[in-house]
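> sharing a sequence plus its predicted fold:
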Amino acid sequence: TELVSIIQKYVSTLEQQNSSDDKQDKNAMADMLQDMGMASALPVSSDNSTIYYETLARQLADFLSPKLEQTSGIMTLTDVYCLYNRARGTNLISPQDLLTAVECMDKISTLNLKLKTFPSGLKVVLQANKYNEEELAKRLQEMCLAAEHQSLTSLDASRLLKMSAMLAQEALLAAERQGYLCRDATLETTRFYSNRFPEFARMKW
């Protein structure tokens, strides 16, 4: 917006000058913008990076919380980036700024959000009080047992859990690692079934 552009030009002018008065003006500007919830309008520098990223983390948390309620408490970092920048319209944030802000969430306990990296390297934002990996694994096991062929593909899980197929695949693999599911991989597709091997092992033949 025009106001953001004016602020950024003013701060850039102050950064080119080194007097103590200018530094005081810059600090006062940072404090004022933080109070107004507009710290993201500041150019990121070593002096204000903590303020910038913590404020961005809080803004992201406010934006994401209602959306995560609809996606089982989990969303990929790529989806977060696209949705948040689309909502901002102007003064977009960079992928690195997003990653740094999300990493700050772990340090702010009141936000109830955190970053998780799956073994595949996929990074996601989790809603700490809603997303529970073991509970999701049990839920997927129940879904498999109730399904028509007593099995699920990643697309089936995606539809039932209301999340992307990529996330659903990671959830299925996590459930497999915990022993709740097993999979049958064919040329056609990969299907996940409730893991009954422990049950079979206890049977007397």
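Structure's in. What do you need?
> C-alpha from now on. contacts and neighbour counts both.
OK.
> can you show me the helices along the protein?
In the chain, the helices defined using DSSP state H lie at 2-15, 20-36, 49-68, 77-88, 95-105, 133-146, 154-161, 165-177, 197-202.
> now do the contacts for the most centrally placed residue in the chain.
Nearest to the mean C-alpha position of the chain, counting by C-alpha atoms, centre = their mean, stands residue 125 at 1.9 Å. Taking C-alpha atoms under 8 Å, 6 or more residues apart in numbering, we find residue 125 in contact with 74-77, 102, 113-116.
> also residue 174?
133, 137.
> repeat for residue 184
Residue 184 neighbours (C-alpha under 8 Å, 6+ apart): 190-193.
> surely residue 127 touches residue 113?
Yes - Residue 127 lies in contact with residue 113 (C-alpha atoms under 8 Å); the separation is 4.7 Å.
> higher neighbour count, these two?
residue 113 (30 against 23; other C-alpha atoms under 10 Å).
> quick one: residues contacting the more buried one.
Residue 113 neighbours (C-alpha under 8 Å, 6+ apart): 61, 105-106, 125-128.
> go on, residue 81?
Here residue 81 is in contact with 95, 98 (criterion: C-alpha under 8 Å, 6+ apart).
> what about it, distance to residue 162?
Distance of residue 81 to residue 162, given as C-alpha to C-alpha, to the nearest Å: 19 Å.
> residue ranges in the protein under the pLDDT threshold?
1-48, 200-201, 203-205 (pLDDT under 70).
> could you check how far residue 68 is from residue 82?
With C-alpha to C-alpha as the criterion, residue 68 and residue 82 are 15 Å apart.
> compare these two (neighbour count), which wins?
residue 68 (20 against 11).
> hang on, the earlier thing: out of the helices of the chain, which gets nearest to residue 121?
Taking C-alpha to C-alpha, helix 165-177 is the member of those nearest to residue 121, at 10.4 Å.
> that older thread, so which of the contacts of residue 125 comes closest to residue 146?
residue 74 (23.5 Å).
> which residues does the closest one contact?
Contacts of residue 74 (C-alpha under 8 Å, 6+ apart): 68, 124-127, 131.
> same thing but 6 Å
68, 125-126 (C-alpha atoms under 6 Å, 6 or more residues apart in numbering).
> who does it bridge with?
Per DSSP bridges, residues listed as beta-bridge partners of residue 74: residue 126.
> thinking again about what came up before, dump the contacts of residue 74 into a markdown table; add distance to residue 54 as well.
Listed next are those as a markdown table, based on distance: C-alpha to C-alpha, whole Å:
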| residue | distance to residue 54 |
| --- | --- |
| 68 | 20 |
| 125 | 16 |
| 126 | 17 |
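> just the residues you listed now: which is nearest residue 158?
Distances from residue 158 to the contacts of residue 74, taken by C-alpha to C-alpha, are shortest for residue 68, at 14.7 Å.
> list the contacts for the closest one?
Here residue 68 is in contact with residue 74 (criterion: C-alpha under 6 Å, 6+ apart).
> at 10 Å what do you get?
Each residue near residue 68 by C-alpha atoms under 10 Å, 6 or more residues apart in numbering is listed here: 61, 74-75, 113, 125-127, 130-131, 163.
> swap in residue 117?
76-77, 123-125.
> gap between it and residue 110?
21 Å.
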